[in-house]
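Asks: Structure of the sequence below:
(6 chains)
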4 protein chains.
Amino acid sequence: MPKVVDHDQRRHELAAATWRVILRDGIDATTTREIAKEAGCSSGSLAHYFASKDEMLLAALRLSHAGVKTRYRQQFAGRTGLQALRAYLLDYVPLSTRHEEETHLEMSFWSRALVNDELRDVQAVESLGPRTTVRRFVVELQRSGALDEGDPDDVTDLLLAAADGLSVYRLMYPDRFPPERLTRLVEHVLASLVPASRSVPAG
Amino acid sequence: MPKVVDHDQRRHELAAATWRVILRDGIDATTTREIAKEAGCSSGSLAHYFASKDEMLLAALRLSHAGVKTRYRQQFAGRTGLQALRAYLLDYVPLSTRHEEETHLEMSFWSRALVNDELRDVQAVESLGPRTTVRRFVVELQRSGALDEGDPDDVTDLLLAAADGLSVYRLMYPDRFPPERLTRLVEHVLASLVPASRSVPAG
Amino acid sequence: MPKVVDHDQRRHELAAATWRVILRDGIDATTTREIAKEAGCSSGSLAHYFASKDEMLLAALRLSHAGVKTRYRQQFAGRTGLQALRAYLLDYVPLSTRHEEETHLEMSFWSRALVNDELRDVQAVESLGPRTTVRRFVVELQRSGALDEGDPDDVTDLLLAAADGLSVYRLMYPDRFPPERLTRLVEHVLASLVPASRSVPAG
Amino acid sequence: MPKVVDHDQRRHELAAATWRVILRDGIDATTTREIAKEAGCSSGSLAHYFASKDEMLLAALRLSHAGVKTRYRQQFAGRTGLQALRAYLLDYVPLSTRHEEETHLEMSFWSRALVNDELRDVQAVESLGPRTTVRRFVVELQRSGALDEGDPDDVTDLLLAAADGLSVYRLMYPDRFPPERLTRLVEHVLASLVPASRSVPAG
DNA sequence: CATGAATGAGTGTTCATTCAT
DNA sequence: TATGAATGAACACTCATTCAT
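Replies: This is a model prediction of the structure:
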């Protein structure tokens, strides 16, 4: 009987090791040797699980995406109302260390996505999930009058653009954007889209 | 001292060549050989103007920053009012090809800045310029009642975060964010911060 | 002892798999993994039957040699006369696909044999079989006057050299040396060694 | 002024180093590192002159071909008669150490040519030179009655096949085929194609 | 015996940097 | 200054072999 190894489990571990190396050394300085060292195995061992380094990087990205998705699915399935949107947006921006890491990883791929169509497509597809969720909130809230009128696509992209911009700031200028301030700013942007008579109470 | 002029001129040309290579090939695939070829000189020649490849990359980044600054200084010195802020923000987001390239270059450095303190500091310092300008607009407009109340720092960072988020979207998802839509979204975010009675006319 | 039979049977199958991979991919691109895949077994399994990759290659070579020998033994045992020599030589050159493969395999080892004494000895020993057979024909035919005088060793090596040269040509320039032409050329070389008064009828 | 290097000269030297390594270690064991060591330079240095290892190997092969061609052109331009053909064939087979090396190199590529169309084409094209030369001799000699009748293409290929077969034997079984014997065998094969009344005197 | 994961040296190749000219 | 050849470490990846199961 051969050495029993859970192939998917091993792939997951190696993707996680890749994830840690990218965060620690930067995606440009991430080498297969360093990944192997981080995973505690030999460099040749990687070949059993990934056909190339690019596949390992992509697996790390998907790992991040998967984590994000799971969280969203668990927390926001079936919720409605302004509080739900508020909670969603607060969950969308990196307020925890873990979430900062996910955002960091995401940003690490941006420079590559700009010159790599395949990578850009991956990012584009992934961005549709939050967009769909937020748009559902927006449409519902506009119907109930809890959100200002305006093209729902525009409102959706505006909320997400502000959230993504703040996410970048959190990572790039952590001192100027501590978690409390990020929370306040997210609430502010949401409030700015609520009719004057219906302010959003903190939750 | 014509030599000095030549030297600076050559540095500038080499930084511009670096700029072009980063945009074309991606910052990870940017090599000194390719820069030399793009600049039409020998690879050894680079050493006379830059101590290392990192310095060349940084020079390309500064070149982008310098272009942005010059444009702002020229166009917005002394202007005031909501129209000026609106014009500033529309100039802040990449609506022209040239500006898209500047944003592209900027984003190319983000993944590196996240793991490189020196690079992060450069970006942080550079981000202060727009922030100071916008804050001046915000304070003035809040005094005149043309902008909603709220911590001016928060309002400033909110406007810039939305603008930066939209800039990223323009680069990453160009089809979903054509220039006209970007314009409309910038105007939308500004309008959302204006008291209900004082909408911002286009112009 | 069924185990022993199985073991030899398995060795034979693995050698045959090696044989196929060498022909398909070239001896330089032949890897143990590919052999295992071709044989439909695991890579680790090979170690039970062969101490090293070199042994597997050698086994494939011996397989080819064995096939050749068996054929000769069956077809030419006891035969004599010019027709027998002619038939032997026509059987010696690659006129069938199977034989082309044997010649291909043989040639694949030549570059290695040139720098590997052990391999060269294997080839030298194997070459003695045909040489002995042909020499027997030659001596007999010279005695009967059916073949020109001359040192029988020289005549033997001349016939075999021409046949081997034509075999190489068949493999290297298949278009210029189709089977019919190869047949004609073999008959020509034989005829050139026959006294003018005793031409060799085809058949 | 840059370091002056004769690019073609350097390429030639590196091809010669490749040539020596192939002969010494075998083409399969020939590595770029070993070539660099043999050439007395660093491995990175090779990249200035050859795009890949395959190009280096091919350059070594062409070097051999070039040497052969030069020799033929010098010695046999304008010569005619049976003595010229005899001299040509004796020059065609490896009777000198240098020529043995050329044949060795040639044979080293055969196993690759069998599974590599490009390489096979190179060999096919190169083989046309001797073929054309010998065919010219054959046609002329048949006209003058100095050579037996027969399709000139067949006679040509027969002579060359025997010569190539003997060349292989010289390399593979050097003890059984010392230079003197090779000479005698070449003369024998030529004599076998000459009408009985016109033997070829040695010389 | 069979498995296939693991190893780690070795491969061809790339590259920022150095330096003699 | 300018050149471009030279360097040698580093890279991603391959592979024959080993070995715990």
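
Asks: close to DNA strand F, is stretch A:47-67?
Replies: Yes - using Cβ under 7 Å from any atom of the strand, stretch A:47-67 reaches DNA strand F at A:Ala47, A:Ala51, A:Ser52, A:Lys53, A:Asp54. C-beta coordinates here come from the backbone N, C-alpha and C atoms, glycine included.

Asks: does any bit of that stretch sit next to chain C?
Replies: No - on the criterion Cβ under 8 Å from any Cβ of the partner chain, stretch A:47-67 is out of touch with chain C, staying 10.9 Å away.

Asks: quick one: contacts of that stretch?
Replies: Under the contact criterion Cβ atoms under 8 Å, 6 or more residues apart in numbering or on different chains, stretch A:47-67 has outside partners A:7, A:10-12, A:14-16, A:18-19, A:22, A:27, A:30, A:32, A:35, A:46, A:98, A:101-102, A:105-106, A:109, A:119, A:122, A:126.

Asks: filter these down to the ones near chain B?
Replies: Okay, of these touching chain B (Cβ under 8 Å from any Cβ), that's A:Ile27, A:Phe109.

Asks: Mark which of the contacts of stretch A:47-67 are buried, thanks.
Replies: Among these, those buried by neighbour count (16 or more other Cβ atoms under 10 Å in any protein chain shown) are A:11, A:14-15, A:18-19, A:22, A:27, A:30, A:32, A:35, A:46, A:101-102, A:105-106, A:109, A:119, A:122, A:126.

Asks: just checking, which of those residues belong to helices?
Replies: Counting by DSSP state H, the part of the buried ones among the contacts of stretch A:47-67 found in helices is A:11, A:14-15, A:18-19, A:22, A:32, A:35, A:101-102, A:105-106, A:109, A:119, A:122, A:126.

Asks: Show me what the helix or strand harbouring A:His188 is packed up against.
Replies: Following DSSP states H and E, the helix or strand that holds A:His188 is helix A:179-191. In terms of contacts (3 or more Cβ pairs under 8 Å, 6 or more residues apart in numbering or on different chains; DSSP states H and E), helix A:179-191 is packed against helix A:82-92, helix A:152-172, helix B:152-172.

Asks: Does stretch A:118-131 reach DNA strand F?
Replies: No - Stretch A:118-131 does not reach DNA strand F (Cβ under 7 Å from any atom of the strand); its nearest approach is 14.5 Å.

Asks: what sits against the residue lying closest to A:Leu159 once chain neighbours are set aside?
Replies: Sequence neighbours aside, A:Val134 is the residue nearest to A:Leu159 in space, at 5.9 Å (criterion: Cβ to Cβ, 6 or more residues apart in numbering or on different chains). A:Val134 is in contact with A:Leu85, A:Tyr88, A:Leu89, A:Thr156, A:Leu159, A:Leu160, counting by Cβ under 8 Å, 6+ apart.

Asks: Against B:Leu171, how distant is A:Thr156?
Replies: Remark: distance between A:Thr156 and B:Leu171 (Cβ to Cβ, to the nearest Å) = 19 Å.

Asks: for the worst-scoring helix or strand of chain A on mean pLDDT, which positions count as buried?
Replies: Averaged element by element with mean pLDDT, DSSP states H and E, chain A has its least confident helix or strand at helix A:53-76 (a mean of 86). For helix A:53-76, the neighbour count (16+ other Cβ under 10 Å) marks A:56-61, A:63-65, A:67-68, A:72, A:76 as buried.

Asks: and A:Pro179, how far is that from C:Ser96?
Replies: Taken as Cβ to Cβ, the span from A:Pro179 to C:Ser96 is 79 Å.

Asks: A:Ala39 too?
Replies: The gap separating A:Ala39 from C:Ser96 is 53 Å, by Cβ to Cβ.

Asks: before we move on, what about A:Asp157?
Replies: Counting by Cβ to Cβ, the gap from A:Asp157 to C:Ser96 is 71 Å.
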